[in-house]
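A.B. asks: predicted coordinates and the sequence they were generated for:
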Amino acid sequence: MESDTRHPKAMTCKDEVRDYSGYRQKLPGVVEDILAGCGEEQSYTHIDYEPAPSEAEVIDILQNLREMLFPGFFSREKIDPVNLKYNMGRQVTLLYDMLAEQITRAVRYECFKFDLECSDCRKRGYEAALAFLQSVPDLQHQLAKDVVAAYKGDPAAKSYDEIIFSYPGMFAIMVYRIAHRLHALSVPLVPRIMTEHSHRITGIDIHPGAVIGESFTIDHGTGVVVGETARIGDNVRIYQGVTIGALSVPRSKADEMRETKRHPTIENDVVIYSGATILGGDTIIGARSVIGGNVWITEPVPADTTVLLESPRLIYRKNPLRV
């Protein structure tokens, strides 16, 4: 009698399929339960004939805008003086269509979601996309000043190119400036999708509603927070872990606070070192002030002031001898 030399698992495969196939038959019931949940009041869904904005498309728009704002740095193909005009024309046309579609979706989504008075969503999409692209030269000038400010303030930077290619603060500022321009054009949802994408990548959280002046620098950057109603002047430099935020309010008052100024004002030429927390809509940091690391500020600071914590009392102990 010949022995069965098949692998032990080979002898049990059919049994396993037969034994467990009954579980698969329960999946239609699972689907019905999920669908029933979608209809509940507290279930957040967007099941409609009109699509919401696409996060993937918005991120793709950012990548294409990065190529346009810094030609030749992030392009997927060679850019030279001969083909620059052709490539720019193709990119502008592509971005116009992509932006118009996502803005149209966002406007239409907001109209249906909040039962707003109907407007010509498609027209608003085309108009906002065109207005944004017409502002690209101004965006390029703003970003050029940000690059120069980062280079002048960081001895570790060897070139402007290094900052453009690799600095997370520069990436976050670029995305903020794009998103802020769309926010100023009253585009819903899309600007916030953009800045939260940057937040995930860099750890830098800048709300598109914040107003930030020229030559802005975020050094290192991880953990930086800039709130919606913050106002930041020109030539401001902030370091990692800085919060320019709002004071906490009771939940019962959250709705009435949405349209108020909740975040600080930082005037021109201010430096804010790592770990500083500055809170409140009435808090103004005066021009040319220096805010030291790890301080907590909820009151105005006059111009030309340095704010520091007292030096801590350090304890030095001799380590035991190690054999």
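C.D. replies: Nice, thanks for sending it over. Numbering: from 1, shown residues only.
A.B. asks: from here on, contacts and neighbour counts on C-alpha atoms
C.D. replies: Noted.
A.B. asks: the longest helix seen in the chain packs against which elements?
C.D. replies: Counting residues, the longest helix in the chain under DSSP state H turns out to be helix 84-113. Contacts defined by 3 or more Cα pairs under 8 Å, 6 or more residues apart in numbering; DSSP states H and E place helix 84-113 against helix 55-69, helix 121-134, helix 190-202.
A.B. asks: save those helices as TSV, and put in mean neighbour count too.
C.D. replies: As requested, these are arranged in TSV below (neighbours: other Cα atoms under 10 Å):
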stretch	mean neighbour count
helix 55-69	17
helix 121-134	18
helix 190-202	20
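A.B. asks: could those go into JSON lines alongside mean pLDDT and distance to Thr222?
C.D. replies: Shown next, in JSON lines, are those (pLDDT from 0 to 100; distance: least, Cα to Cα, whole Å):
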{"stretch": "helix 55-69", "mean pLDDT": "95", "distance to Thr222": "21"}
{"stretch": "helix 121-134", "mean pLDDT": "94", "distance to Thr222": "29"}
{"stretch": "helix 190-202", "mean pLDDT": "97", "distance to Thr222": "7"}
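A.B. asks: domain parsing of the chain, as residue ranges.
C.D. replies: The chain breaks down into these domains under automatic domain parsing: 50-203, 210-311.
A.B. asks: for those domains, could you give me CSV that also reports distance to Leu35?
C.D. replies: Below are these laid out as CSV (distance: least, Cα to Cα, whole Å):
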stretch, distance to Leu35
domain 50-203, 19
domain 210-311, 32
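A.B. asks: which of these sits most buried?
C.D. replies: Most buried of the domains of the chain by mean neighbour count (mean count of other Cα atoms under 10 Å) is domain 210-311; its value is a mean of 19.
A.B. asks: end-to-end on it?
C.D. replies: Using Cα to Cα, to the nearest Å, the end-to-end distance of domain 210-311 comes to 33 Å.
A.B. asks: what does stretch 102-121 give?
C.D. replies: Stretch 102-121 has an end-to-end distance of 11 Å (Cα to Cα).
A.B. asks: could you pull out the helices for the stretch 201-323 of the chain?
C.D. replies: Using DSSP state H, counting those that start in this stretch, the helices of the stretch 201-323 of the chain run over 254-257.
A.B. asks: point out where it drops to low pLDDT.
C.D. replies: Along the stretch 201-323 of the chain, the model assigns pLDDT under 70 to residues 256, 323.
A.B. asks: picking up where we left off before, got the helices and strands packed on helix 84-113 as JSON lines, with distance to Val301 columns?
C.D. replies: Output for the helices and strands packed on helix 84-113, formatted as JSON lines (distance: least, Cα to Cα, whole Å):
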{"stretch": "helix 55-69", "distance to Val301": "37"}
{"stretch": "helix 121-134", "distance to Val301": "37"}
{"stretch": "helix 190-202", "distance to Val301": "29"}
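A.B. asks: among these, which is nearest Met170?
C.D. replies: helix 190-202 (9.9 Å; Cα to Cα).
A.B. asks: counting by contacts, list what that closest one packs against.
C.D. replies: With contacts taken as 3+ Cα pairs under 8 Å, 6+ apart, helix 190-202 sits against helix 55-69, helix 84-113, helix 168-184, strand 205-206.
A.B. asks: out of the ones you listed, which is closest to Asp219?
C.D. replies: helix 168-184 (6.3 Å).
A.B. asks: same question for the closest one, mean pLDDT?
C.D. replies: What helix 168-184 shows for mean pLDDT is 98.
A.B. asks: distance from it to the middle of the chain?
C.D. replies: Relative to the chain's own centre, helix 168-184 is displaced by 8 Å; criterion: Cα atoms, centre = their mean, to the nearest Å.
A.B. asks: contact partners of that helix?
C.D. replies: 62, 128, 132, 139, 143, 146-147, 163-164, 190-192, 194-195, 198-199, 202, 204, 206-211, 216-221 (Cα atoms under 8 Å, 6 or more residues apart in numbering).
A.B. asks: wait, Met68 sits on Asn87?
C.D. replies: No - Met68 is not in contact with Asn87 according to Cα atoms under 8 Å; the separation is 9.5 Å.
A.B. asks: intersection of neighbour lists for those two?
C.D. replies: By Cα under 8 Å, 6+ apart, no residue touches both Met68 and Asn87.
A.B. asks: so Pro208 makes contact with Val190?
C.D. replies: No - taking Cα under 8 Å as the definition, Pro208 is not a contact partner of Val190, at 10.0 Å.
A.B. asks: centroid residue for this structure?
C.D. replies: Central residue of the chain (Cα atoms, centre = their mean): Thr195, 2.0 Å from the mean position.
A.B. asks: identify the residues contacting that one.
C.D. replies: Thr195 neighbours (Cα under 8 Å, 6+ apart): Ala172, Val175, Tyr176, Ala179, Asp205, Ile206, His207, Pro208.
A.B. asks: which among the residues you listed gets closest to Met257?
C.D. replies: Looking across the contacts of Thr195 and measuring by Cα to Cα, the closest to Met257 is His207, at 16.4 Å.
A.B. asks: and for that closest one, the neighbour number?
C.D. replies: 23 (other Cα atoms under 10 Å).
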